[in-house]
Every structure is written in C-alpha cells, then in structure tokens.
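S.K.: sequence isn't available, so here's the structure alone:
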DNA sequence: CAATTTATTATGTGCAGACATAATAATTGT
DNA sequence: ACAATTATTATGTCTGCACATAATAAATTG
C-alpha cells in the first residue's frame, strides 16, 4: 500500500491546504517539526524544508522556541523577474531593436552626483530607445561610472544595447529598484510617441559593485506597459 | 587555525564574492558540489544549500548533469513585500486612517464579471480612501465575491478596512498582482486631491481561493508614492 | 550516418543523528 | 516583588550517506 515517500513539496502543499482551508487560522500555533514529522512519517529535515519555504513565502511566522504560527498579516512577497529589455520584448513575441540616441562623456547633474559620489573620470551619459516591432517600447536614460567600467567608452553599442553590455561586462554586487508613475515630459513624450502628460511607468535602478555605484538608470515605459506577477 | 565550521551563509558569501570579483564570469561553469565541498571542507548538502540560494536569487543557473554556471543574463528577482495598507502608512511614520466611501451589493460590470465568473449572490462593491495623516494616500476600488465571503456583508468596516478584514477573515490560496501607471480620471483626481490627468501608480490585484475569485481590487496611489526594493 | 538505446554524471532530495542558537520559562538571589 | 541566572525547548543548520532524476555523452543498431 503506497508507503509513497513524502517529499517536501507534498508537505508544503498539504500545510498550504490546511491554511487555505481555514483548518489552521491566522495566528494559530501549528504543531512542531517533530510532531509533523511523526504525523507524516518523514524526517524532521523534510518538514523543516517545507515550513522554511512557506515562511519565506510569507504564510508562516517561525521563531525559535516560540514555534511556528500562521502569519497574522501575511506580508506576501511578490517576486518580479527583472530581465534585460530585449528578453522582455521578445517574450511578448515581438521583434526587438534599439537605437542609441545620445552618448557623451560629461559631468553629471547634482542629483546624479549625489548618488554616484566623486569620480575620477566624467561619467558616460547614454540615452537609448528600445523598440518592439517598429513602435517605441521604453526610453532609457543612463549614467555609467567610467571609473568602474572604463572600457564602456570603447564599447560598440549598435549591436548590443548598453543594458545588455553592462550586464555581461560589468561587475555588480547589489542594486536598488524603484517603481513609480510620472507624467511624460515634452521630450519623453516626443520620443515615446505619446501625448505630453501621459502617465508612464518608471523604473529607477541603481547598481553597485561593493561600495561604488556602477550605473544609474531610469526606464520610462510606454503607457500600455504593465508588470505582472503571481503569488 | 580556526577550523571554524563552515556555514552555508559563508559559502554563499564567498561564491557571491567570486562572481562579483569577476573570478567566475557570466557563462562560466563553476566547480561541482563535490569539489566545492572538498575545497571548503564541508558536506555537499551545505554547498547545495548555498548554491540553491544563489540560483534562486538569479546569480547561478543550475542544471542536472550539466552543472552550475554563472547566470549569463541574470534574471534578477526583485522581491516586493506586499503588506496591508495600514502597515505601509505606519512604517513611513505617519498616522493611518481610512474612510469607506461606497458600499453596495450590486451586479459587477462586464470586465469584472469576466474575471470573477458567475456568482450566486451579487458581489459587494466597496470604495475606500486610505489616508496618511490628513492627506489622501491611496484610493481603493474593490469587488468582493459574496459567495466566497458571505459574512463580509455584516462586517464592521469602520474600525478595520476591507483590506485588513479580508486578509484576516477570508481564505485565499493564490493571487496575481499587476503594476501599471495611469492618468487620474476626474473622479480619482477629486478623491486623491490632485489635478485630473496626474500620473498615478496603480496596483491591480486578483485573489483566489482554489478556483474561485475572492476579491478584485484596484489601488490608485498618490503621485508621491513609489515602491522600492533592494536586490 | 542518423536514430535509438544505454551508460554516466551533477544536481535534487530524503534520512537519522548531532550540536548550535535564540527565545521563552523556571529558578534563584536579593 | 523584582532582577539576574539557569534550564528548557523549537527551530536552525551541519554531516555523511543513500537513492532519485534529468540531462548529457557514449554506445549500439538499422
């Protein structure tokens, strides 16, 4: 008779079910790992794996000694996949292309300097229009710290966009991403081929390698754009 | 000579360092788990834990038999914490309050019906203004499937917002979140106290329990709002 | 030589046991 | 009664081993 081996996934599913069926309600203390292991006839490590996953997903709160409870205010964690623009476009089944509009090494404005800090050489300023088919898809405004990535100055960005080039050639350790909405300025509106003032989705990203800023970029998407995720 | 016990975190940090230092470049095949275990003098399970984590974070690509490579196009996973609105406001150090503007059981418009499907009873329509201090913070438009949560009809939503009430009283299993930007309509502008056409950040959320839609909600944030995350 | 079958191998996961750690509960001292 | 100390306990993690699984490489077959 069966005696099928329990996997941590099946346990994850079962606990998940008990929560979503209301058997274990928010705030409830659930049985300890040893008890669950006994109930399901598996090792404690397996239970741990399943519960750890559920905790990471925000369904459970776990604390040593105190035990495991069903999350009271489930801080649900939405995971967004941030990939390179070409992929984003191609995954929607369209043909990707890009055009470098501006490319100049010059001193950065104050608000950029504040983030990037002092640099030896002047940063590189790049603006790029990314297209899906023949239509504008996203307008990218980027500052690159040339101290950190000197050879970007000689890079051929006609075939590969700055976006992709940096991902493959620059080193980075951490980043910060901010999502917001803004009204299109005259310049942005013209480039994205929309009316001035149209609401556009903005992604601001700062990328570091260790303590140093590598690049600061602002992505302005066309109005139809939306970012979606399941939880 | 130390002989300090290796933890999976330390291993995670070390591999992470080797990648960000460029020792292992994008596309490179890194040593197998057994080799790394030997190098660091720990069990393979420990190496596995560290590498699994790095893969989940998008830094590594792992495939059975093929081995582990540094991600070529690091699909970075940005994790956003979606908590209840009261928390969001309070965490920014402001006083939270809310006002239920409309509350009526009525048949849903087509685009809502399409998502919610057929229901026995008419859904509940709720609009709520969430405030930070005395200022508008977010305007919520919600449809609740009363088949799934019948007692929402009798709920007191003056103390607790629909948002919170549902989190604690309704069962849910999965959800879908979509982020976008939109120009404020006349009605929205008036409620949020901004000019018509102002760009606002929109979050659309659909929540299921099993195959059934529990609630559909649209959150329109004031222009200053931004959502941020580190990766 | 192409197509199919059969090894091979790196990762994925399970188990039992041990110790570590953090948080709580119980105890002790003043 | 209160503070400081000492158990206690549930989770966290490491180890060493075993077998499962998926993907590739090698061998076999027509």
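M.R.: Yep, that arrived. The structure displayed is predicted, hence computed values, not measured ones.
S.K.: okay, now the domains of chain A?
M.R.: As assigned by automatic domain parsing, chain A contains the domains A:8-70, A:85-221.
S.K.: among those, which comes closest to DNA strand D?
M.R.: Nearest to DNA strand D among these is domain A:8-70; the distance by C-beta to the nearest atom of the strand comes to 3.2 Å. Every residue, glycine included, has its C-beta placed from N, CA and C.
S.K.: go through the domains of chain A and name the closest to residue B:150.
M.R.: domain A:8-70 (13.8 Å; C-beta to C-beta).
S.K.: re earlier: in CSV: the domains of chain A, plus mean pLDDT and mean neighbour count.
M.R.: What follows is the domains of chain A, written out as CSV (pLDDT from 0 to 100; neighbours: other C-beta atoms under 10 Å in any protein chain shown):
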stretch, mean pLDDT, mean neighbour count
domain A:8-70, 94, 16
domain A:85-221, 93, 17
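S.K.: how about the helices in chain A?
M.R.: A:8-20, A:33-40, A:44-56, A:85-91, A:110-116, A:162-169, A:186-192 (DSSP state H).
S.K.: how about the contacts made by the residue in chain A that DNA strand C sits nearest to?
M.R.: Closest residue of chain A to DNA strand C, C-beta to the nearest atom of the strand: residue A:7 (2.9 Å). Residue A:7 sits next to residue A:46 when contact means C-beta atoms under 8 Å, 6 or more residues apart in numbering or on different chains.
S.K.: which strand residues bridge the residue sitting nearest the centre point of chain A?
M.R.: Among the residues of chain A, the one closest to the centroid is residue A:82, at 4.2 Å (C-alpha atoms, centre = their mean). Under DSSP bridges, the beta-bridge partners of residue A:82 are residue B:76.
S.K.: wait, doesn't it sit right on residue A:177?
M.R.: Yes: counting by C-beta atoms under 8 Å, residue A:82 does reach residue A:177; the two are 6.8 Å apart.
S.K.: pull up the overlap in contacts between those two.
M.R.: Taking C-beta under 8 Å, 6+ apart as the contact rule, residue A:82 and residue A:177 both touch B:78, B:231.
S.K.: picking that back up, of the domains of chain A, which is nearest residue B:171?
M.R.: domain A:8-70 (5.2 Å).
S.K.: how long is the closest one end to end?
M.R.: Length of domain A:8-70, first residue to last, C-alpha to C-alpha, to the nearest Å: 18 Å.
S.K.: tell me how far that domain lies from the chain's centre.
M.R.: Centroid displacement of domain A:8-70 relative to its chain, using C-alpha atoms, centre = their mean, to the nearest Å, is 28 Å.
S.K.: could the domains of chain A go into a markdown table alongside distance to residue B:188?
M.R.: Shown next, in a markdown table, are these (distance: least, C-beta to C-beta, whole Å):
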| stretch | distance to residue B:188 |
| --- | --- |
| domain A:8-70 | 30 |
| domain A:85-221 | 11 |
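S.K.: strands of chain A, start to end?
M.R.: A:29-30, A:60-63, A:67-70, A:76-82, A:96-105, A:124-132, A:135-144, A:174-183, A:199-209, A:212-221, A:227-230 (DSSP state E).
S.K.: residue numbers of chain A in contact with DNA strand D?
M.R.: Within chain A, the positions adjacent to DNA strand D are A:32-34, A:44-45, A:48, A:51-52, A:55, A:62-68 by C-beta under 7 Å from any atom of the strand.
S.K.: farthest pair within the residues you listed?
M.R.: Going by C-beta to C-beta, the pair spanning those furthest: A:45 and A:66, at 20.5 Å.
S.K.: name the nearest of the residues of chain A next to DNA strand D relative to residue A:167.
M.R.: residue A:52 (30.7 Å).
S.K.: ok now do that closest one, which residues does it touch?
M.R.: Going by C-beta under 8 Å, 6+ apart, residue A:52 touches residue A:62.
S.K.: now residue A:191: closest residue in space that isn't a chain neighbour?
M.R.: Spatial nearest neighbour of residue A:191, excluding adjacent residues (C-beta to C-beta, 6 or more residues apart in numbering or on different chains): residue A:139 at 5.1 Å.
S.K.: not counting residues beside it along the chain, what's closest to residue A:180?
M.R.: residue B:226 (4.0 Å).
S.K.: check whether the one you found really touches residue A:182, as I assumed.
M.R.: No: in this structure, residue B:226 is not within contact of residue A:182 by C-beta under 8 Å, at 9.9 Å.
S.K.: and chain A, which residues reach DNA strand C?
M.R.: Within chain A, the residues that sit near DNA strand C (C-beta under 7 Å from any atom of the strand) are A:5-9, A:41-46, A:49, A:63-66.
S.K.: go with 6 Å
M.R.: Proximity of chain A to DNA strand C, by C-beta under 6 Å from any atom of the strand, involves residues A:5-8, A:42-43, A:45-46, A:49, A:63-66.
S.K.: could you check how far residue A:12 is from residue A:56?
M.R.: From residue A:12 across to residue A:56, the span is 11 Å (C-beta to C-beta, to the nearest Å).
S.K.: before we move on, what about residue A:174?
M.R.: On the measure of C-beta to C-beta, residue A:174 and residue A:56 end up 19 Å apart.
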